[in-house]
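Enquirer: Need coordinates for the following:
(one chain, ligands or ions: 1)
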Amino acid sequence: MSIVTVQLGQCGNQIGFEVFDALLSDSHSSQGLCSMRENEAYQASCKERFFSEEENGVPIARAVLVDMEPKVINQMLSKAAQSGQWKYGQHACFCQKQGSGNNWAYGYSVHGPRHEESIMNIIRKEVEKCDSFSGFFIIMSMAGGTGSGLGAFVTQNLEDQYSNSLKMNQIIWPYGTGEVIVQNYNSILTLSHLYRSSDALLLHENDAIHKICAKLMNIKQISFSDINQVLAHQLGSVFQPTYSAESSFHYRRNPLGDLMEHLVPHPEFKMLSVRNIPHMSENSLAYTTFTWAGLLKHLRQMLISNAKMEEGIDRHVWPPLSGLPPLSKMSLNKDLHFNTSIANLVILRGKDVQSADVEGFKDPALYTSWLKPVNAFNVWKTQRAFSKYEKSAVLVSNSQFLVKPLDMIVGKAWNMFASKAYIHQYTKFGIEEEDFLDSFTSLEQVVASYCNL
Ligand SMILES: Nc1nc2c(ncn2[C@@H]2O[C@H](COP(=O)(O)OP(=O)(O)OP(=O)(O)O)[C@@H](O)[C@H]2O)c(=O)[nH]1
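Expert: Got it, this is the predicted structure:
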């Protein structure tokens, strides 16, 4: 089944490009460590998911590019064409001359309704090209104006027009230091709207990926391109084909459906994170060997201590004793030491994958009391190696990982709102104080629900 990716705004378009590039490079990599037949099946499955029919032998991304300024889209079109490996469709873009000036209300209430028909038409044509359609993957930031405001508007339209298809939003959480004064307003409006219209929100924090680039990849001057490559690697390791069951050699057919079934058991909980291991520069990789036991031990500790990378994990965080609530459950003011999960999916790729033991993830203490590990934990194993790693593991998790940052963003936005700062910039485009209040209420509810796990 196929996924249609919708790339919105500068951030969404730049990340989208890296994702398609990573998917295609991996599927053509000579380091897959598997038989030719298996590799061909893997390539065919990746193509069915993310690329439509070829034009002169070049695969075309199943993507729609939307921005209110032409610059980034033009850059991405030519980068893809220059790769010689894949390209974007000729009629897959929609752009205008003027962005949203970091104003969510402008993206949502002005650009959205004004360009609704044209954008939805391009998306419909892309969906019609799929023989069998799995759903939408929507990439955007939550701090700007176009990706966040127009992205929320488009997602709502997709929910209205394709209510039976799945929608997963990939959202970029802004740097904590604050690049834009109103980023907290834009963020709460985005998250509260998407919580209503999307099936799952896959969240990546720019600060966390930045640290991975600095500490694990040893990059000195970190650019968005470096950050996006790390992100694309993480997403690729989730979305590339995986076997449908242990020991079977058939790839899963419904990528979004399977992810959602395992990871979103209740509509009140739809925030997902991705952690993967190993991550390192090519130079270090040449001198390192990995064992499944070592990788999985680290990944589990990253999960329970809520670390985004394997360096600097807090090794003193332990699961609570069965029957006793962890301290963190009692109050947000106490340090959130232990990260309780609703659902975890571990995806393992590479050599000797059948021997990997995932028992450590089946401990009931890792999960909320109302779900048994047998329902809350899943593992997908695939012999074919991913990217340049002989063995790699990725954990997609629905857990308390974002409770603190979310609570902080809601608090900061509330403080600004209480003094009515910058509100006029929103009300002048039709977003009323009432809309802000609704957003605060719904996100406070999300924070409370995750806190009570
Ligand atoms: N990871 C990552 N973050 C980005 C990138 N580009 C922008 N951002 C982040 O996205 C947020 C700003 O959103 P943009 O996507 O630039 O804005 P936009 O959606 O185009 O909206 P307008 O500029 O208001 O039209 C900030 O938090 C940036 O840190 C990127 O390529 N990668």
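Enquirer: Which strands or helices does the helix or strand that contains residue 65 pack on?
Expert: Element membership of residue 65, judged by DSSP states H and E, is strand 63-67. Counting contacts by 3 or more Cβ pairs under 8 Å, 6 or more residues apart in numbering; DSSP states H and E, strand 63-67 packs against strand 2-8, helix 9-27, helix 70-83, strand 93-95, helix 112-128. Quick note: C-beta positions are derived from backbone N, CA and C, even for glycine.
Enquirer: what's the angle from the second one to helix 70-83?
Expert: For helix 9-27 against helix 70-83, the angle between stretch directions is 10 degrees (axes from the mean of the first three to the mean of the last three Cα atoms, to 10 degrees).
Enquirer: and what of the first one?
Expert: For the pair strand 2-8 and helix 70-83, the angle between their directions (the same axes, to 10 degrees) equals 140 degrees.
Enquirer: Quickly run through the sheet partners of strand 2-8, with directions.
Expert: Its sheet considered, strand 2-8 pairs with strand 63-67 (parallel), strand 133-141 (parallel) by DSSP bridges.
Enquirer: Present the ones you listed as a markdown table; the columns should include mean pLDDT.
Expert: Converted to a markdown table, the strands paired with strand 2-8 look like this (pLDDT from 0 to 100):
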| stretch | mean pLDDT |
| --- | --- |
| strand 63-67 | 98 |
| strand 133-141 | 97 |
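Enquirer: Turn those strands into JSON lines, columns for distance to residue 262 and mean neighbour count.
Expert: Shown next, in JSON lines, are these (distance: least, Cβ to Cβ, whole Å; neighbours: other Cβ atoms under 10 Å):
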{"stretch": "strand 63-67", "distance to residue 262": "25", "mean neighbour count": "27"}
{"stretch": "strand 133-141", "distance to residue 262": "15", "mean neighbour count": "26"}
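Enquirer: Looking at those strands, spot the one closest to the ligand.
Expert: The ligand lies closest to strand 133-141 among the strands paired with strand 2-8, at 3.2 Å (Cβ to the nearest ligand atom).
Enquirer: number of nearby residues for residue 289?
Expert: The local packing of residue 289 (other Cβ atoms under 10 Å) involves 8 other residues.
Enquirer: And the helices in the stretch 201-350 of the chain, which stretches?
Expert: Per DSSP state H, counting those that start in this stretch, the stretch 201-350 of the chain has helices spanning 206-211, 224-239, 255-263, 282-285, 292-304. These are given in chain order.
Enquirer: Using CSV, list the CA coordinates for the first one.
Expert: Okay, so that is helix 206-211. Extracted in CSV, the C-alpha atoms of helix 206-211 (Å, rounded to 0.1, in the frame of the first residue of the first chain):
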residue,chain,number,x,y,z
ASN,A,206,15.3,20.3,17.1
ASP,A,207,17.3,20.6,20.3
ALA,A,208,17.6,16.8,20.7
ILE,A,209,18.5,16.2,17.0
HIS,A,210,21.0,19.0,17.3
LYS,A,211,22.7,17.2,20.2
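Enquirer: Buried residues of that helix, list them for me.
Expert: For helix 206-211, burial by neighbour count (16 or more other Cβ atoms under 10 Å) applies to 206, 208-211.
Enquirer: Just name the closest of those residues to residue 284, please.
Expert: residue 211 (16.4 Å; Cβ to Cβ).
Enquirer: By mean pLDDT, show me the worst of the helices of the stretch 201-350 of the chain.
Expert: Comparing mean pLDDT across the helices of the stretch 201-350 of the chain, the weakest is helix 282-285, with a mean of 78.
Enquirer: How far does that one sit from its chain's centre?
Expert: Distance, stretch centre to chain centre, for helix 282-285: 26 Å (Cα atoms, centre = their mean, to the nearest Å).
Enquirer: just stretch 182-201 next, same as before
Expert: Its chain's average C-alpha position is 14 Å from that of stretch 182-201, according to Cα atoms, centre = their mean.
Enquirer: Show me what the mean pLDDT comes to for that stretch.
Expert: Taken as a whole, stretch 182-201 has a mean pLDDT of 97.
Enquirer: Spell out which residues sit in contact with residue 445, please.
Expert: Applying Cβ atoms under 8 Å, 6 or more residues apart in numbering to residue 445 gives the contacts residue 268.
Enquirer: want to throw the helices of the stretch 201-350 of the chain into TSV with distance to residue 165?
Expert: Listed next are the helices of the stretch 201-350 of the chain as TSV, based on distance: least, Cβ to Cβ, whole Å:
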stretch	distance to residue 165
helix 206-211	29
helix 224-239	16
helix 255-263	9
helix 282-285	39
helix 292-304	30
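Enquirer: Looking at those helices, spot the one closest to the ligand.
Expert: Nearest to the ligand, of those and by Cβ to the nearest ligand atom, is helix 224-239 at 3.6 Å.
Enquirer: Taking strand 2-8 as reference, get the angle to the closest one.
Expert: Here helix 224-239 points in a direction 160 degrees away from that of strand 2-8 (the same axes, to 10 degrees).
Enquirer: Check which helices and strands helix 224-239 sits against.
Expert: Under the contact criterion of 3+ Cβ pairs under 8 Å, 6+ apart, helix 224-239 touches helix 9-27, strand 200-205, helix 206-211, strand 271-277, strand 341-350, strand 391-399.
Enquirer: nearest to the ligand, of those?
Expert: helix 9-27 (2.4 Å).
Enquirer: Next secondary structure element downstream of that closest one?
Expert: Per DSSP H and E, the first helix or strand lying C-terminal to helix 9-27 is helix 36-50.
Enquirer: what's next to that next one, contact-wise?
Expert: 1-3, 5, 20, 23-24, 26-28, 32, 34, 59, 61-62, 134, 239-241, 249, 251, 255, 383-384.
Enquirer: What of stretch 377-386?
Expert: For stretch 377-386, contacts defined as Cβ under 8 Å, 6+ apart pick out 26, 31-34, 38-39, 42, 236-237, 240-243, 246, 252, 262, 343-351, 353-354, 356, 358, 361-362, 367, 391-392.
Enquirer: Can you show me the CA trace of that stretch as CSV?
Expert: C-alpha atoms of stretch 377-386 as CSV (Å, rounded to 0.1, in the frame of the first residue of the first chain):
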residue,chain,number,x,y,z
PHE,A,377,4.7,-4.2,23.1
ASN,A,378,5.5,-5.4,19.6
VAL,A,379,8.7,-6.2,17.7
TRP,A,380,9.4,-6.4,14.0
LYS,A,381,12.5,-8.1,12.8
THR,A,382,14.0,-7.9,9.4
GLN,A,383,17.2,-9.5,8.2
ARG,A,384,18.0,-6.8,5.6
ALA,A,385,20.4,-4.2,7.1
PHE,A,386,19.4,-0.6,7.1
